Structure formats: structure tokens, C-alpha cells
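S.K.: Sequence first, then the predicted structure:
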Amino acid sequence: MKDLKRIEIIDLLQGRATLEIGKEICVKGWVRTKRGNKSIAFIALNDGTIIHNIQVVVDLSKFDEDLIKRITTGACIRANGTLVESMGQGQSVEIQATEIEIYGEADVDTYPLQKKGHTLEFLREIAHLRPRTNTFGAIFRMRHAMAYAIHKYYNDKRFFYWHSPLITASDCEGAGEMFQVTTMDLNNIPKTQDGKIDFSQDFYGKQTALTVSGQLEGELGAMSLGKIYTFGPTFRAENSNTPRHLAEFWMIEPEMAFYDLNDNMDLAEDFIKYCVKYALDNCKDDLEFLQNMYDKELIERLNFVVENDFIRLKYTEAIDILLKADQKFEFPIDWGTDLQSEHERYLVEKHFKKPVILIDYPKEIKAFYMKQNEDGKTVRAMDVLFPKIGEIIGGSQREESLEKLMKRMDEMGVPKEEMSWYLDTRRFGSAPHSGFGLGFERLLLFVTGMSNIRDVIPFPRTPKNADF
RNA sequence: UCCUCCUUAGCUCAGUUGGUUAGAGCACAUGACUGUUAAUCAUGGGGUCCUAGGUUCAAGUCCUAGAGGGGGAGCCA
């Protein structure tokens, strides 16, 4: 078989390569469908570079019958052939095959992917094969594009990519049950004399767990490099079984010195709009597919978010709106308690019909590190609420006063001794600063139009599921 | 974790009041067709009715428990 340099299908279909009709080329990829009759076969070939397939046309009189028979849905092949203008509808160019090699067959009786008709639930059970479908190809290409857009956005704004540790010994990073990390023999756990677990014999010499947030270490970066962001995996051991929660997810956490809450909101809004705009500009084919298959208003909704300002609203004002709302809620509206999902949805989807940034929450329902307002009752927190997915960002201006911060830690029972490294930021050269966390998969839910977070990460980790 | 719904062929689903041999579409196999687009047409093979108990002359169908999954809620990103 002639040794030709492989051309990626995206280059064939989008004309990025210098190609001419009549030239002999080579493509490699996985067979999506094969159809035809006694004398001719059409193979739809996909190599993952783009959602569209290249059509390989096979004149059966020129090929061994057994070879063609072994080319089935899912098989991987290499094909040499002449690039020609298509005689059929549906594609502009196709390949008239001259030689075909099968890299790997896919047994028709056991290969689980078919030409049609799979539910997202079924595909979740074969997560190792689902990237070969149109849907998950589109989603994971977009996942990459969003990750790239995030790095580009912050790099262009002179933020530094900062690596907070994934293993941590502080158990007060924020809300959330933690996954313990240990090298101790669980069948023979060392005990101290008073019968407690002796963590001094563990790998780090103390009790450790996977991080639930890189924020506290992120603040150390901001108080030195000025503007940083983290972008890495985050672990929460909560028994959450919802379409919006994962036990292992990715989070982006920018942290900025000299930013007050307004600067923080400006950044959050600009950042999300940039990412959505990036998807619109760079993922057109994948977006159109997802729109056709899953969400008829997807592109319209993305454009709407890019073009319209987010509503900015104080918690207290939100309570007033909800109290006057012409709608019955299951849960009572009461100043001082956190808003329920139904309340957030009312504000975002019914009242404003726009993304909403809620600020100045009661201090009792927010974390210890948030800057206290002068009213003594609220803190400079902000939650960005999106239609369908709810909270996509949570953040705040941080309390920079050592005295106020320590007082709040005492009130909330946060141990100051273990946190002395954190308090040093306030002890030495403290400064106003702010930051937030954006759930990467929740952003992906929004830009892909998917409705279950397990479908926007290759191998979802949830309670009772760590397959693959 | 709570509420609720679901589990029947490889996949998606139907299955009447508890009653004979559990059906369809797609997929697959064979055949037909010189250009298909989820190709079409004909024929054919294919079942632990989620699991374990129970009620009954008789259970895919009713009851109990369990497992897995969906949706909603809580926790949050």
C-alpha cells in the first residue's frame, strides 16, 4: 500500500490544507456507517478532528470482497484515494478509494455503538466509547476549546496560572465533605495511647485530604503576583445526586489584589461573556449539531448572554422582589436564610430573564473570609446565577482586616492556629482583594446545552460510580 | 440523604382486567438494487421480562425487599 502522508479530515473539509481535486491523499479514522449496493459502497469516516465525516467511495469491483465485509461501524481504517468533487448531495468532496487497510475491526455483534438511537443514559454506561459519537465528540472538542479560552483570557489579562495544591491538611477550606488521603494500612490503623488514629505515622505526618478549593492558597498568590488564577480538579465527597454535581470537577478560581466587589463582578461577567463568545466564534459546527439535536434555542441563548448586561442585585432587594412575586413558592422567603433553587430560578428565568449577580448576602450563610459590610449584617459576597444551571460562580471580596477576620473565625469556630499561614496575608502587607470560583462543567453545561453534568466530562465521578 | 418515576431482544420502546406460543422499529444475517446520506425493499435468527422472596389454579403484569438509572430537593461550583 502506497505510503502517503495522512491528512486530517478537518483540513479536507475546511480547506486548510493546500488541496487540489484529483490529488491522491490518505485519511485515517473510524467508520461511522457503511452503506451501498452490490457494486459500490460509501463509508462515512470520522477522525475526531471535526464533527463531519469524509465520504470514502469504494468501487467494489476493485476491492477484495472479504476486506470490504470486515469494514463495519466502529472499525478503524486507513484509506488512500483520489480527492474528487462529490456526485452526490450532502458533501462537496469525497475520496474515491484506491487502497484500504483495516487497522482494527469492530465486531458487529459486540460493538455497542450503532448508527442511531442511543440515549445519553446508555452512553454513560459506555463512557469509554461515547467520545466516538457525534454528540460526545462535539462536547469534548468544546470542552477543550473552553479550557483553551480560559487560559488565553487570563494570560491576555496578565493573570498568572497558579497551582494550588491538590492535597491539603487544612480542613476548613470551605464548605464540603473531603476525601481523605492516606497511605496507612486501613486494616491495621496505628493508634495513639488514648485510642485515637495516629496520623503522625501517616505519609504527611498529619491528616490530609483532597482539596475542595484552591482559593486560600490562591490568595497567597494574589498577595504577591497581583492577579492569579487556578484551573484544576476539585474534590467534594458530598453525597450529591443531581445533574449539577460531581465528586470530581474542575474549577477556575481567579484571585486579584486591589479588586473590590465591583471589579470582581466586572471580571466575572466579562470572563463568562468571553468564553461564550469564544465558543460561538470557534465551535460553530459543534454548536449547530448540539442545537439541532438537543436544544433548539442554544445559539440564540448564547448570543443573548454575550449581548446583554447581567442584572446586579443586593440580596435584600432580591428578597423584596420574591416577597412581591406573583407566584407561590414551596419554601418561605425569609431575610437571613439562603435562597432556594426555586427562588433563584424565579429571579433569573421569570422576573429578569437574564443572568443575575446577587451580592451582599447575610453573613451567617456565607464563609468566614468574606469582607464584612458596615451594616454589620451582610458580607460582600457574589453569586452569579444562570438560567437552568443555577449558580455558576460563587465569589466575594475578601476580608483584609486581620482583626475582623480573626473575630469572624472565632465566631464561626474556624481554628486560627492551623491557619496562621493564611492570616499572614493580613498580618503583613494586607490589601483589599477579591476572587471567585467558576465551575468548569457548569460553564460547559451552559455552552453545550446539555442538561446533565455527567455528560460534559469524559469520565464522571459521582457517588457509587468511579468506573473507567 | 429525602421525594418520585423507571428497569421487557444488542439499542429505543409497546405489552389491555393477572390468562394460549411476549411484540414492533432500528441493529445484525441472507437476498435485491450502478451514487448512498440514520439508504431503501424482502426474508430470517435473536428474550435470565433487573435480582430475591411472596400472593395466585395462573405473574412481564399484583405485593415486599434489594440493586441500577432518570427527574425533583438539600449541599454547592
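M.R.: Right, received. Where do you want to start?
S.K.: Could you tell me which residues within stretch A:11-26 count as buried?
M.R.: A:11-13, A:25-26 (16 or more other Cβ atoms under 10 Å). Every residue, glycine included, has its C-beta placed from N, CA and C.
S.K.: In JSON lines: those, plus pLDDT and secondary structure.
M.R.: Shown next, in JSON lines, are the buried residues of stretch A:11-26 (pLDDT from 0 to 100; DSSP: H, G, I helix; E, B strand; the rest coil):
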{"residue": "A:11", "pLDDT": "91", "secondary structure": "helix"}
{"residue": "A:12", "pLDDT": "90", "secondary structure": "helix"}
{"residue": "A:13", "pLDDT": "89", "secondary structure": "helix"}
{"residue": "A:25", "pLDDT": "93", "secondary structure": "strand"}
{"residue": "A:26", "pLDDT": "95", "secondary structure": "strand"}
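S.K.: What parts of the stretch 51-200 of chain A come near RNA strand B?
M.R.: Taking Cβ under 7 Å from any atom of the strand as the criterion, the stretch 51-200 of chain A approaches RNA strand B at residues A:55, A:57, A:72-73, A:86-91, A:94, A:96, A:108-109, A:112, A:114-119, A:121-122, A:124, A:174-176.
S.K.: rewinding a little: out of the buried residues of stretch A:11-26, what pair is the most spread apart?
M.R.: A:13 and A:26 (15.4 Å; Cβ to Cβ).
S.K.: In contact with the residue of the stretch 251-400 of chain A found nearest RNA strand B, which residues?
M.R.: Per Cβ to the nearest atom of the strand, residue A:394 is where the stretch 251-400 of chain A lies closest to RNA strand B, at 3.0 Å. Counting by Cβ atoms under 8 Å, 6 or more residues apart in numbering, residue A:394 touches A:381-384, A:436-437.
S.K.: Span of stretch A:416-429 from start to end?
M.R.: Stretch A:416-429 has its terminal residues 19 Å apart, counting by Cα to Cα, to the nearest Å.
S.K.: need the strands for the stretch 1-150 of chain A, in chain order.
M.R.: A:24-36, A:40-46, A:54-59, A:76-85, A:93-104 (DSSP state E, counting those that start in this stretch).
S.K.: now those in JSON lines, with distance to residue A:215?
M.R.: Below are the strands of the stretch 1-150 of chain A laid out as JSON lines (distance: least, Cβ to Cβ, whole Å):
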{"stretch": "strand A:24-36", "distance to residue A:215": "42"}
{"stretch": "strand A:40-46", "distance to residue A:215": "41"}
{"stretch": "strand A:54-59", "distance to residue A:215": "46"}
{"stretch": "strand A:76-85", "distance to residue A:215": "44"}
{"stretch": "strand A:93-104", "distance to residue A:215": "45"}
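S.K.: Next, the residues that contact stretch A:364-382 from outside, please.
M.R.: Contacts of stretch A:364-382 (Cβ under 8 Å, 6+ apart): A:174-175, A:216, A:260-261, A:264-265, A:268, A:315-316, A:336-338, A:357-363, A:393-400, A:404-405, A:408-409, A:412, A:414, A:432, A:436.
S.K.: that older thread, between the buried residues of stretch A:11-26, which sits nearest residue A:226?
M.R.: For the buried residues of stretch A:11-26, the nearest to residue A:226 is residue A:11 (41.0 Å; Cβ to Cβ).
S.K.: circling back to that earlier point, any idea what the residue of the stretch 251-400 of chain A closest to RNA strand B is bridged to?
M.R.: residue A:383, residue A:437 (DSSP bridges).
S.K.: Pull the contacting residues for residue A:287.
M.R.: A:138, A:142, A:279-280, A:298-299, A:302, A:447.
S.K.: could these go into TSV alongside neighbour count?
M.R.: Shown next, in TSV, are these (neighbours: other Cβ atoms under 10 Å):
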residue	neighbour count
A:138	23
A:142	23
A:279	24
A:280	16
A:298	20
A:299	17
A:302	21
A:447	28
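S.K.: Please produce a markdown table containing the residues you listed, extended by secondary structure, pLDDT and distance to residue A:129.
M.R.: Putting the contacts of residue A:287 into a markdown table (DSSP: H, G, I helix; E, B strand; the rest coil; pLDDT from 0 to 100; distance: Cβ to Cβ, whole Å) gives the following:
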| residue | secondary structure | pLDDT | distance to residue A:129 |
| --- | --- | --- | --- |
| A:138 | helix | 95 | 16 |
| A:142 | helix | 97 | 19 |
| A:279 | helix | 98 | 25 |
| A:280 | helix | 97 | 29 |
| A:298 | helix | 94 | 25 |
| A:299 | helix | 95 | 28 |
| A:302 | helix | 96 | 29 |
| A:447 | helix | 96 | 24 |
